[in-house]
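Student: structure of the sequence below:
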Amino acid sequence: MSKSLQLLSLISKSLIIIQLAICCLQCISATKIISSNSSNSDDIDKNFDDKPKLFVNTDNCGLKKPTAAIDGYIIGGSEATAGQFPWQVSLQKRQSGLWLHTCGAVVLNKRWLLTAAHCINGLSEQSLRALVGTHLLNVKPPGTTGQAAVYRISKIIKHQDFSADNMANNLALIRLTAAINLDNSDGLINSVCLPNTGDKFTQYVTLSGWGLTTVSGSGGQQQQQQQPVTSNKLMFVSDVPIVSLPKCRSIYGMNWIREGMLCAGAPKGQQSPKGFCQGDNGGPLIQTDPNGRAILVGISSFNARCASPDGTPDVFVEISNYRQWIDKNAV
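Tutor: Purely as a prediction, here's the structure:
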C-alpha cells in the first residue's frame, strides 16, 4: 500500500473515532438531562427502597369530628364525645384474667403508637393491648360505637436513655401486630400530627385521658388513691396554659425539669384545679393549629399532685425534642 493510501486510511479511522466520541458525549449529556428532570420510577436510585424511611404525617392527621363538650371532669375538665379525640388510645394490661386500663397512648399512624416509657417499663408485648376508636372504656369491641377495635402488640421500643428515677426521656413507641383501619373508621380513629424538630409552643393546650376524676387525701399523687373515682368516659381539659421551663424549674428543681420536658398548668388562683392523674399518663397533650389540626405537643409524664390547688404544673415529654428519635425508630 502506498504512503498516501496509508495516510488516508489513518485519517478515516481518526474521523470515525472522533465521531464515536462525540456521540458518547451527547448520550452522556442526554442521560444527565433525563436523570435530573424525569420523575419516572425507573430513574430513581435502585437502592432507595432499602434506605430508612422517615416518619411522615398522614394527609388527614390531627383532624376530628365536630363535637360539643359536656360538663364533667378529668380532674376539672369535660366529657369527650365520640370522635372528638380520635387519636386517643387506651393501653390495657392483663391482670387476673381481665384487661384493665393502665395508661394512655396516641396513634401516630396505622402501625405505631406513642406513650410514656414508665407505662410499659418491665412489661412484655404479650401482657398489653391497645383499644382504639372509642371514648368509652366499657365498650366490647367491635361494640356499638362501630369502629372500636383491640390491637395486640408486636414490639415495644423504650427510649434508650429513659430513667425511672427522674423520668428523663420518658417516651416509648409501640408497634401493633396489625394495621389500624384509618380509612374506614367514620372519623372515630385518626392519627395525630407530629411537630417539627425544635418547634416551641406557647399559650394554651388540651389534655385528655381516662384517669382518676376525683381524689381524696392531702398527700402527693401516690397518697391520693383512697376511694379513687375513675372514668369510663374519656375526659379532657382545655385552656391549660404552658409554663416556661425556668418557672417550672423554680418549682420542681433543676434535677427534675430537664431539656425535653414541658410543663403546663394554671398558677394558683387563676383557674380551678385541673390536670392529669393516675391513668392519664402516656396520653396526649395537643394544640390545634390555624388549620384545625391537632399537633402533639407532649405526652403526660409526671406531676407532684393530681390537679394541684397550689398551682404546681404537670410535666410532659416535649415531643418536638424527640422528633428525630421517632423518625429513626417508627419505621
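
Student: skip ahead from the helix or strand of the chain at the bottom of the mean pLDDT ranking and say which helix or strand is next.
Tutor: The helix or strand of the chain with the poorest confidence is strand 70-71; it has a mean of 34 (mean pLDDT, DSSP states H and E). Counting by DSSP states H and E, the next helix or strand C-terminal to strand 70-71 is strand 78-79.

Student: what sits up against stretch 114-125?
Tutor: By CB atoms under 8 Å, 6 or more residues apart in numbering, the residues outside stretch 114-125 that reach it are 89, 91, 93, 102-106, 108, 128, 152-156, 158-159, 162, 164, 167, 169-174, 281-282, 296, 299-302, 317, 326. Yep, even glycine has a C-beta here, placed from its N, CA and C like the rest.

Student: again, but for stretch 151-161
Tutor: Stretch 151-161 is contacted from outside by 117, 120-121, 123, 125-126, 128-130, 132, 168-178, 180, 322, 325, 329, using CB under 8 Å, 6+ apart.

Student: one more time with 6 Å, if that's ok
Tutor: Contact partners of stretch 151-161, identified using CB atoms under 6 Å, 6 or more residues apart in numbering, comprise 117, 120, 125, 128-130, 169, 171-177, 329.

Student: repeat that for stretch 184-200.
Tutor: With contact meaning CB under 6 Å, 6+ apart, stretch 184-200 is reached by 57-58, 61-62, 65, 83, 86-87, 106-109, 132-133, 146-147, 182, 293-296, 319-320, 323-324.

Student: drop anything exposed from the residues you listed.
Tutor: Neighbour counting by 16 or more other CB atoms under 10 Å classes 57-58, 61-62, 83, 86-87, 106-109, 132-133, 147, 182, 293-296, 319-320, 323 among the contacts of stretch 184-200 as buried.

Student: let's see which of those residues end up in strands.
Tutor: 106-107, 132, 294-296 (DSSP state E).

Student: one step back: most widely separated two among the contacts of stretch 151-161?
Tutor: Using CB to CB, those reach their maximum pairwise distance at N169 and T177, which is 26.0 Å.

Student: higher neighbour count, the two?
Tutor: A count of neighbours by other CB atoms under 10 Å puts N169 above the other of N169 and T177, at 20 against 12.

Student: OK, contacts around that one?
Tutor: 159, 161-162.

Student: could you redo the last one with a cut-off of 8 Å?
Tutor: 117, 159-163, 260, 317, 322.

Student: of these, closest to F236?
Tutor: V317 (18.5 Å).

Student: tell me the bridge partners for the closest residue to V106 other than its chain neighbours.
Tutor: By the measure of CB to CB, 6 or more residues apart in numbering, the closest residue to V106 outside its immediate chain neighbours is P284, 4.4 Å from it. Note on P284: beta-bridge partners by DSSP bridges are I299.

Student: just to check, P284 is in contact with L296?
Tutor: Yes. In this structure, P284 is within contact of L296 by CB atoms under 8 Å, at 5.7 Å.

Student: need the residues touching each of these two.
Tutor: Shared contacts of P284 and L296, defined by CB under 8 Å, 6+ apart, comprise 87, 106, 192.

Student: quick check, pLDDT for the residue nearest to the first one when sequence neighbours are not counted.
Tutor: With CB to CB, 6+ apart as the criterion, W87 has its nearest non-adjacent residue at 3.9 Å, and that residue is V192. The confidence metric pLDDT takes the value 97 at V192.

Student: repeat that for L212.
Tutor: pLDDT recorded at L212 is 77.

Student: same check on N303?
Tutor: The model's pLDDT for N303 equals 88.

Student: and the gap between the nearest residue to it once chain neighbours are set aside and N109?
Tutor: Spatial nearest neighbour of N303, chain neighbours left out: D314 (4.4 Å); criterion: CB to CB, 6+ apart. Distance, D314 to N109, by CB to CB, to the nearest Å: 27 Å.

Student: how about L137: what's its closest non-neighbour residue?
Tutor: Using CB to CB, 6+ apart and skipping the chain neighbours, the partner closest in space to L137 is N232 (4.9 Å).
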